[in-house]
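[1] based on what follows, work out the 3D shape:
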Amino acid sequence: MYILELPLHLQEASNGRFIDIPEEVLGVYRLWRPTPLIGFVLCFLTSLSSGEAVARFHPTRAREQLLLRGSHAYSRVVARAMHRSRRESQQMTRGIAMLARHGAKRLEKLLHTPSRIYYKYEGVSPAGSHKPNTAVPHVWYNAQEGVKNLVTETETGQWGSALALACCLFGLNCVVCQVRASFDSKPYHKLMMQTWGAKVQPSPSNATEAGRTILQMDPGSPGSLGIAISEAVEVAAVNAVTKYCLGSVLNHVLLHQTVIGETPYMIIECTRGGSNFAGLTFHFVREKLKGKINPLIRAVEPEACPALTRGIYAYDYGDTAGMTPLMKMHTLGHDFIPDRIHAGGLRYHGMAPLISHIYELGFMRALAIPQTECFKGAIQFARETGESKVILMAMCVHGHFDLPAYEQYLQGSMVDLSFADEKMQASLANIPLLVQ
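    So this is what the prediction gives:
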């Protein structure tokens, strides 16, 4: 029995260059897309010629060929350009680019850099993050197959909120297993999920065998994404009328997130499961693999959960109970339970296999930094929002529901949590198969 619906399995293993986006999914995307790309100069697109108003999923190209990454006002101007000649369209695009000239200029001035900094802002969706980009097609494909009930996991709540939104739009029931640490510390995401009709339960819980096993070993367990995945997969596996959705790591999820932009000198993005990182970088990785461009690509991960920088490349389970297939990825071990850092969505033991692969090939690098350094940079960014180079990053969510974390930082009560070697060795001991 499949816990994912067949169309998503087919996307997971597809070797086709394009996968058309269903019209119903496009209709939902139009509620918030295009999302802003804000920078010293807006990206220059050359694909705005007549007849190219085609929307497709593509693993390494733009997910929405026709959309300039500006505001909705910009997109209306671009739509008019679609009916002009290529030359006229390009001229109009150059004009639109000037409208966003001041987006990151203050940050560039603060850093005393001649580089042009772009940030891709995904906080304008109804759920406040990039996650609806994949939640909407997930739910639509399930609805087309007659599925009525979906179950998933979430840490801080971005993915759970996105799936709850999509289920509300398409009339499906939604159950979300939220990691206990965030269930207790981030109540507003829970309220958002419940507002859209989802049932939210803490993880680990006594509702599943996987949860009961963890609670027997540690009644006060803060949980982890690996544990929550185990519980959600178990619910789908024992209920024939329920299917499972995953919001990161897998190929088809990364596929739904791909974006397009100007050729940058450097691309920097946070990563854990990999959906946001892939969405920002994979178009450029494709061109890098073909030898056309050579940007520096940097993945940033938490010092307390450093799968790329300190994990090993192995076949490991995607969940704590070992219910998923083995995946070839960088991992800290599926038994690993991260400390309670504020970036709850980055508390995961593994990494998307595709990202792990390009990391092993040397097409990107990774660094791990402590959370206080992250908050220092975030506050600097919020206050200040000889060679010219382009630096690209993504702001994948808005921080409205995470203000208590900023309060702790400003009060000086936030501490950094390091990753002890003893803890890593214990978590690596049960990895099923090492890569030779």
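
[2] surely residue 267 forms part of a strand?
    Yes. Under DSSP: H, G, I helix; E, B strand; the rest coil, residue 267 sits within a strand.

[3] surely it meets residue 296?
    Yes. The pair residue 267 / residue 296 is scored as a contact, 7.2 Å apart, by Cβ atoms under 8 Å. Every residue, glycine included, has its C-beta placed from N, CA and C.

[4] so these two - more neighbours on which side?
    residue 267 (24 against 14; other Cβ atoms under 10 Å).

[5] please tell me how far the closest residue to residue 247 other than its chain neighbours sits from residue 305.
    Using Cβ to Cβ, 6 or more residues apart in numbering and skipping the chain neighbours, the partner closest in space to residue 247 is residue 159 (3.5 Å). Distance, residue 159 to residue 305, using Cβ to Cβ, to the nearest Å: 17 Å.

[6] neighbours around residue 239, how many?
    14.

[7] which residue is the nearest non-sequential neighbour of it?
    Nearest to residue 239 is residue 149, by Cβ to Cβ, 6+ apart, at 7.2 Å.

[8] residue 159 and residue 305: who's more crowded?
    In terms of neighbours (other Cβ under 10 Å), residue 159 is the more surrounded of residue 159 and residue 305; the figures are 31 against 25.

[9] mind checking how far the more buried one is from residue 333?
    From residue 159 to residue 333 the distance is 22 Å (Cβ to Cβ).

[10] confirm for me that the residue nearest to residue 247 is in contact with residue 232.
    No. Look at residue 159 against residue 232 with Cβ under 8 Å: they stay out of range, at 10.9 Å.

[11] so for the two, which residues contact both of them?
    152, 153 (Cβ atoms under 8 Å, 6 or more residues apart in numbering).

[12] mind checking the SS state of residue 359?
    Criterion first, three-state DSSP; result for residue 359: helix.

[13] neighbours of it, how many?
    22.

[14] and the helices in the stretch 251-400 of the chain?
    251-256, 275-289, 307-310, 353-360, 371-383 (DSSP state H, counting those that start in this stretch).

[15] next, format these as CSV and append distance to residue 154.
    Below are the helices of the stretch 251-400 of the chain laid out as CSV (distance: least, Cβ to Cβ, whole Å):
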stretch, distance to residue 154
helix 251-256, 14
helix 275-289, 13
helix 307-310, 19
helix 353-360, 20
helix 371-383, 20
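
[16] closest one to residue 12 among those?
    helix 251-256 (4.7 Å; Cβ to Cβ).

[17] how near is the spatially closest residue to residue 316 that is not a sequence neighbour to residue 417?
    Once flanking residues are discounted, residue 316 sits nearest to residue 331: 4.2 Å by Cβ to Cβ, 6+ apart. Separation of residue 331 from residue 417 (Cβ to Cβ): 19 Å.

[18] between these two, who's got more neighbours?
    residue 331 (27 against 17).

[19] bridging residues for the more buried one?
    Bridge pairing for residue 331 (DSSP bridges) gives the partners residue 312.

[20] doesn't residue 430 make contact with it?
    No. Contact criterion Cβ under 8 Å: residue 331 and residue 430 do not qualify, at 10.7 Å.

[21] please enumerate the helices of the stretch 101-250 of the chain.
    So, for the stretch 101-250 of the chain - with DSSP H, counting those that start in this stretch - the helices run 105-111, 132-144, 158-170, 180-185, 187-195, 209-217, 225-238.
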